[in-house]
Structure formats: C-alpha cells, structure tokens
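Colleague: Predicted model and sequence follow; I will ask about them next.
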Amino acid sequence: MSNLLEIENLTYRKNLKVILKDINLNLKHGKIVALLGENGAGKTTLMRIIAGINKNFRGMVAIDGVQSVADRKRVISFSDSLSGFKESTKVAKIINFYEYLYDDFDKNKFKQLQKFMRLNENLRLSEMSKGMREKLIIALTFSRQAELYLLDEPFSGIDAMARKKIISSIILWKADEATILISDHFVNEIASMLDEVVVVKDKTIYCHKSTEEIRENNQSIEEFYENIYGEGDE
Amino acid sequence: MSLFNCCFTELFKLKTKKLNTLMLFQILTSMAITFFSLYKFENNHFIRNTYVNDFNFITNWMTSFFFLVLAFGFIAVCLIAIFAQRVNRSQTWRLIPMSSTNLYLDNTLSSFVSIVYLGILDVIGLLLLFGMSVLTDSRFKKNVITGFSSPSNAMSQLFNERAFKIWGSILLLILITLFVFFVVDFLNFSSRAILEFLPTTSGQAFLRVIFIIVIVVACWVAFSANNFLASLIAFPIDFVFSSVLGIFGGYREYNDRYVNFGISLIIMLVFDIFLLIANTLIFNYFFEAREKK
C-alpha cells in the first residue's frame, strides 16, 4: 500500500531553538496512529506542519505525493481550537462556516455526530464547557470527508464516560482508507483502537512501531511508552 | 462559487456587520451633536439656540453627519485593519484549503470593499438627509435651487479643470486606504516574523521594542524611497502634463499642481504595490498562525 503521509528530513526552528530535528515519518492509508510524547516534545508543532500552518521548516512533507500546502489542506482535517470565532458565536454559525468553506463537509454526518455528542446548535461558544467545546471540535473534524485526520489532544476536557464512548466510535466515523493521527495523554484509553504508535522524543521521531509488534513483546502500549521515557530518566 | 469567492463573502459579511454597527453609531452621534448644538436646557425645557443658524434640525443633522463621515471613516479603517490582523493570525482561517497568498488577498480585498461599502452607506445617508432637508426646509431648498441654477456649468466642471482633481482625489483616497491596510499588515507581519528569529527571552515589552524599531526603519525607508521616487518620476510626469495636457487641455498654468498631484498618485501606487508584494511574501513564508488550545 502506498504512503499517505511522507515526511523527509524535516527540521523546524523557532526563536533560535530547534523544535523538531531530522523527522522522517511515513504513514499508510487506513491506519489509526498515536503520536505520543511529553509536553513540549513538539507533537502539536509536527501536526501544524503537516496541516500546512507552520511553514518555515526545512525538509519535505507530502500527502499522497503532493507537497503543495493548499492541496494538503484540502485532504487534511485538523482538530482546530475554533480560536477564529468570537466567544459570542453560536454553534449554528460555526457549522455554516464549515459547510460554506469546506467542500467535503458533510452536514448529515455532522447531524449524526451532533446527536451522538448531544450538542445544542443554539448555544454560544461562551456558554459551552471545555468538554462540550471539545465534542464540537471532534464532530466538526470528523464531519469532513478527509484522508488524514489530525487530532491534537482531542479528549482533554471530556469526562471519562463520554471519552470512552467517543473513542469506541471513532473508527466508525472515518472512511476505510482514511488515516487518523492522534496525540493524547490518555494512552491507555486510546490503546485499543490503535494500529501504530509514533513516539516523539529528543526533538525527533524516537520510534515508530505497530501495536502488534509492541504486544508481541508482552507489553501494553502504556508500558511501552513509559519505558521509552523511563530510559531517559535513568 | 470558488473558494476564493466563498472566503471573500464570509469575510465581507463579518466586516460589514461591524460597519453596520458603526454606521448606527454615526447616525446617533450626528443626531446627538445636532440636538445639543441647536438646543439648550433652560427652565426645565429644551429651547433653541438663536445664535446657531436658521436651518431646521434635519439640515443641521445632514451637516453634522457629513462632518462625521471622515472621523468615522478613520475609525472604520482602524477597526477593519485590526479585524484583518485577527484573521491573518487565526489558525481557523489559515486552515481553509487555499494558499496563504489567496487568503491574504481575500482578506485585504474584503477589507477594502467593506470600506467602499461604508462609503456607499454614507452617500445613501447623505442623499436621504439631503432629500428630507429639501422637502422640509424651505430656506435650504431655496439655497439648493440657487446653487443648481446653472446645472450645465456644474456638470461641465466635472470634465474640465476640476475633473483631474476630483477623480485624482478619489484615486488617491483609494490608494491611501489600501496603504493604511498594507502598512498595518507590514508592521504586524515583519515585527512578529523578526521575533520568531530571536531568542525566546522576549516578552510583550520586547515585542514593543521590535515593533518600534520596525516602524522607525520602515519610516526611514519610506522617506528615502519617497524622495528617490519623486526625483525619478518628476521629469516624465512633468513632460506628460506640459506636452500632452498643455497642448490639448490648455491648462499650462495648472501644470505645477498637476505634476505634484500626479507624482503623489504614482508614489502611493508604487508604495502600495511594494507593500503588497512584501506582505504576501512575509505572510506566505514567515508569518504563522497563533497556537491556541
């Protein structure tokens, strides 16, 4: 199977600091991949580079062989924090914005997700709890028929019960060929749905393994991840 | 509809929403100014000031509204420029599947068109007040009739020596409005881009210092470029006006004024084009959206 995402020799600097160095990463179609790493490891930056927001980098990023930023954005659905909207904006207005500006936004799918997440269209952003807002972001992200979904800590404000429900359903919301790259601190909870794990450490991709490989060594994903960070601490 | 048009429409709607509110303020402010200049409060009653003028409330209101056009126009340009910066820096907008160049052009174009929209609202407001004044104020009506007694003269002026000034002023106003947007963008883009290449020890104070340095350097460059461009284009402009307009128009006595005005127009156009190119490049390669979770 051909690669969906290809990153070659990517280095990103900001404020005279190296944030990411010599990143090489290939992801195939139809996978669910965890992007793990401690706070400040560069997970969000890597996602923003893939999504075409951070552009001042060296190296190559391509989706299905295409490097153009505009073309990449067309097939990537990034879990945006909705910072472009005022706090007084109603959910209905945000839905209209997505429907109007994204060709691949499926309103019917959003309606299903809205029902699943129990989102009220008439609420304003300021009236929503952090969890509700995260649910809205997930619903908007998955309402696009994208090839690559980038989820940056999507469950941070969502209660444990809803989180489990969402995690178990995520696989149903994406097309078979679509890939999800998800960064999260709840490693244990997302472990069951993962196909691959990518760990960012020391400003680079420290390891990229399939979950099968990890489990063959009688390790859980969490243990594997903790061991990697344990190595550095010892 | 193409994505460029969709994005333009969305930005235009958001910007004009602000301008509609501003227009409401302009109407209320002009009304209040007129009221308080025409009337004074004495013995628990509002009585008319005798020393103001003999025109009625609507005519005075029209005058106040007219004088506020420029002040509110300036506020509108500032508001729209600030909103445009928010769009430029917003991850939500930067994620839209279009190139940064197109997003920047969309944002700038919608800012400019929304100011034109405000101008149209101003003209409509003035025409409405003018019509109401003519209908309700006999003294004003008389003055209007006297003023327009020789419409052929008024119309012909549009096509003779005043034409250049009128249409030139409109063009200059357009170029200045664009210039304001471009300068705000340039200062914002360049200072933030420079900051990203400096150590993280910086804070808001450091940002301000960088901002001031960029302003000083930009002013110096603009001043030098202005002098250079003026000397560069003065001769061809002078040649065009003295030979072409001088022969065909017969307005040799106005040559100096025309030449200076023509030079201003061309310099402003050159600055606008330069800033547009510089901003597009910085926006494309160095100006990143704010990271907010």
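Modeller: Done, it's in.
Colleague: Tell me who's in contact with residue B:177.
Modeller: Contact partners of residue B:177, counting by CB atoms under 8 Å, 6 or more residues apart in numbering or on different chains, are B:77, B:112, B:115. C-beta coordinates here come from the backbone N, C-alpha and C atoms, glycine included.
Colleague: Please name the nearest non-neighbouring residue to the last one.
Modeller: What that stands for is residue B:115. Counting by CB to CB, 6 or more residues apart in numbering or on different chains, residue B:115 lies nearest to residue B:177, which is 5.6 Å off, once chain neighbours are set aside.
Colleague: Name the secondary structure element that contains the one you found.
Modeller: helix B:161-195 (DSSP states H and E).
Colleague: List the buried residues in that helix.
Modeller: B:164, B:172, B:174-175, B:177-186, B:188-195 (16 or more other CB atoms under 10 Å in any protein chain shown).
Colleague: any idea of the mean pLDDT for that helix?
Modeller: Mean pLDDT, computed over helix B:161-195, is 84.
Colleague: And the strands in chain A?
Modeller: For chain A, the strands defined by DSSP state E occupy A:3-14, A:17-28, A:32-36, A:57-63, A:76-78, A:148-152, A:179-183, A:196-201, A:204-210.
Colleague: Closest one to residue A:164 out of the contacts of residue B:177, please.
Modeller: For the contacts of residue B:177, the residue nearest residue A:164 by CB to CB is residue B:112; the value is 50.6 Å.
Colleague: Could you check the angle the helix or strand containing that closest one makes with helix B:161-195?
Modeller: In the assignment (DSSP H and E), residue B:112 maps to helix B:100-136. Angle between the axes of helix B:100-136 and helix B:161-195 is 140 degrees (criterion: axes from the mean of the first three to the mean of the last three CA atoms, to 10 degrees).
Colleague: can you list the residues of chain A near chain B?
Modeller: A:14-17, A:44, A:48, A:51-56, A:68-71, A:73-74, A:78, A:80-85, A:97, A:100-103, A:152-153, A:156 (CB under 8 Å from any CB of the partner chain).
Colleague: In helices, which of the residues you listed fall?
Modeller: In helices, defined here by DSSP state H, the members of these are A:44, A:48, A:51, A:69, A:70, A:71, A:73, A:74, A:97, A:100, A:101.
Colleague: What residues of stretch B:54-64 count as buried?
Modeller: Neighbour-count burial for stretch B:54-64, counted by 16+ other CB under 10 Å, picks out B:55, B:56, B:57, B:58, B:59, B:60, B:61, B:62, B:63, B:64.
Colleague: Most widely separated two among these?
Modeller: Maximum pairwise distance among the buried residues of stretch B:54-64 (CB to CB): 13.1 Å, between B:56 and B:64.
Colleague: Any quick ChimeraX command for the buried ones out of the residues of chain A next to chain B?
Modeller: Only the buried entries of the residues of chain A next to chain B go into this ChimeraX selection, using 16+ other CB under 10 Å:
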select /A:14,44,48,51,52,53,54,55,69,70,71,73,74,78,80,81,82,83,84,85,97,101,102,152,153
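Colleague: out of the buried residues of stretch B:54-64, which are inside strands?
Modeller: Judged by DSSP E, these include no members of strands.
Colleague: Quick one, which of the residues you listed has the minimum pLDDT?
Modeller: residue B:55 (83).
Colleague: I'd like the distance from the residue nearest to residue B:115 to chain A, if you could.
Modeller: 25 Å (CB to the nearest CB, to the nearest Å).
Colleague: Next: residue B:24.
Modeller: The gap separating residue B:24 from chain A is 18 Å, by CB to the nearest CB.
Colleague: My guess is residue B:280 contacts residue B:104. True?
Modeller: Yes - here residue B:280 reaches residue B:104: they are 5.7 Å apart, a contact under CB atoms under 8 Å.
Colleague: When those two are compared, which one has more neighbours?
Modeller: residue B:104 (23 against 18; other CB atoms under 10 Å in any protein chain shown).
Colleague: how close does that one sit to chain A?
Modeller: With CB to the nearest CB as the criterion, residue B:104 and chain A are 13 Å apart.
Colleague: Of all residues in chain B, which one is closest to chain A?
Modeller: For chain B and chain A, the shortest gap (CB to the nearest CB) falls at residue B:92, measuring 2.6 Å.
Colleague: Now residue A:126: closest residue in space that isn't a chain neighbour?
Modeller: For residue A:126, the closest residue by CB to CB, 6+ apart turns out to be residue A:87, at 4.0 Å.
Colleague: What is the nearest of the buried residues of stretch B:54-64 to residue B:5?
Modeller: Checking the buried residues of stretch B:54-64 one by one against residue B:5 (CB to CB), the nearest turns out to be residue B:62, at 36.9 Å.
Colleague: and that closest one, what does it touch?
Modeller: B:126, B:129, B:130, B:132, B:133.
Colleague: ok, now with 6 Å
Modeller: B:129, B:133 (CB atoms under 6 Å, 6 or more residues apart in numbering or on different chains).
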